[in-house]
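K.L.:
With the input below, show me the fold.
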Amino acid sequence: MIDAIGKAPAQRSAALSAVTQPTRRAAATKAATKAAKVPKPAAVKAKTAKAPAKPVMALVPPAAAPAAVAPAPAATPVRRKRRNKRSEETIETILVATEQIVLESGASRISILDVCKLANVSRGTFYRYFSSQDDLLDSFSRHKRDRFHRALQEAVEPFADPDERFDALLAYLERYLEHGNARRLLLVAPDYALSFFKRIFHDAVVRFEDVLRPVFDAWDDRLGARIDRELVSEMLIRYVLSEQLVSGSTERHSLPRRVTRMITTIMGAGVVRTRR
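P.N.:
Reported below is the predicted structural model:
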């Protein structure tokens, strides 16, 4: 009986040991697994710690950029303005020298070297603004045309009264025919002169229509009909061109009265025909 009782605890201990032994093995295995995984998080942390270094270096250059760009806008306009002024003066000097040479020797014999000497500029400076002799003559034609139209506008601008404005335009044309160089240009460079007249003809008609708009408006009111503005402007231009070829024998100072009388007569006849 005693032996049986004494054996019972021993058997229970052995059974308990058999039950708990797998559990201890599992715990040991789990602990070993955790120990083996420790280096991996350390490596990840090491990589993570190095990662922020890239953005920090990338942010450094933009901080210095505004200081380098800021001074440029303040200095550029001043230099550009002075350079443009010098360029305009140089171009004007070259074109004036070109006109002098053309009027003396003709357009076909113009020499770039002669133009440079007369304008007191180097060949390098010349080629900065003109690519060739043809380019020079083309620019010279535009220069002459613009100067003629600008002077015409300045001649009539002070006059608001239509009659005075028309008289001012005719007076300007008379001065141009009397003192201008168009006739001399036609003599020394006929091909160039005829090409120039043909080139500016239609543009001149448009400019005359614009300058004489207040005059035409007044004539329309007086005559009770709309005058052909393009026709009148073209007649004036053709009169100037014909005077370059063949100077009229009649006194030019009578031109304002004759033109006004002619327009009034034509418009009066047109009104009479309309009423019939």
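K.L.:
what stretches of the stretch 101-250 of the chain score poorly on pLDDT?
P.N.:
Within the stretch 101-250 of the chain, the segments meeting pLDDT under 70 span 247-250.
K.L.:
how about the helices of it, start to end?
P.N.:
Listed in chain order, the helices of the stretch 101-250 of the chain (DSSP state H, counting those that start in this stretch) span residues 112-119, 123-129, 133-156, 162-179, 182-188, 190-211, 213-223, 229-245.
K.L.:
Tabulate the ones you listed (JSON lines), appending mean neighbour count and distance to Glu89.
P.N.:
(Glycine included, C-beta is placed from N, CA and C.) Written out in JSON lines, the entries for those read as follows (neighbours: other CB atoms under 10 Å; distance: least, CB to CB, whole Å):
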{"stretch": "helix 112-119", "mean neighbour count": "16", "distance to Glu89": "11"}
{"stretch": "helix 123-129", "mean neighbour count": "13", "distance to Glu89": "11"}
{"stretch": "helix 133-156", "mean neighbour count": "15", "distance to Glu89": "14"}
{"stretch": "helix 162-179", "mean neighbour count": "17", "distance to Glu89": "25"}
{"stretch": "helix 182-188", "mean neighbour count": "16", "distance to Glu89": "24"}
{"stretch": "helix 190-211", "mean neighbour count": "16", "distance to Glu89": "24"}
{"stretch": "helix 213-223", "mean neighbour count": "16", "distance to Glu89": "34"}
{"stretch": "helix 229-245", "mean neighbour count": "16", "distance to Glu89": "30"}
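K.L.:
With distance to Glu88 added, can I get the ones you listed in JSON lines?
P.N.:
Formatted as JSON lines, the entries for the helices of the stretch 101-250 of the chain read as follows, by distance: least, CB to CB, whole Å:
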{"stretch": "helix 112-119", "distance to Glu88": "14"}
{"stretch": "helix 123-129", "distance to Glu88": "10"}
{"stretch": "helix 133-156", "distance to Glu88": "12"}
{"stretch": "helix 162-179", "distance to Glu88": "24"}
{"stretch": "helix 182-188", "distance to Glu88": "24"}
{"stretch": "helix 190-211", "distance to Glu88": "22"}
{"stretch": "helix 213-223", "distance to Glu88": "30"}
{"stretch": "helix 229-245", "distance to Glu88": "29"}
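K.L.:
Not counting sequence-adjacent ones, nearest residue to Phe148?
P.N.:
Tyr176 (7.4 Å; CB to CB, 6 or more residues apart in numbering).
K.L.:
check contacts around the one you found.
P.N.:
Contact partners of Tyr176, counting by CB atoms under 8 Å, 6 or more residues apart in numbering, are 148, 182, 240.
K.L.:
in terms of contact, does the second one touch Ala193 like I think?
P.N.:
Yes - the pair Ala182 and Ala193 passes the contact test of CB atoms under 8 Å, sitting 7.2 Å apart.
K.L.:
overlap in contacts of the two?
P.N.:
Overlap between the contact sets of Ala182 and Ala193, as judged by CB under 8 Å, 6+ apart, is given by Gln244.
K.L.:
can you list the residues that contact stretch 97-106?
P.N.:
For stretch 97-106, contacts defined as CB under 8 Å, 6+ apart pick out 110-111, 114-115, 118-119, 136-137, 140, 144, 181, 184-185, 188-189, 192.
K.L.:
gap between the closest residue to Asp114 other than its chain neighbours and Leu185?
P.N.:
Nearest-residue entry for Asp114: Ile101, 5.8 Å, with adjacent residues in sequence omitted and distances by CB to CB, 6+ apart. When CB to CB, to the nearest Å is applied, the distance between Ile101 and Leu185 equals 12 Å.
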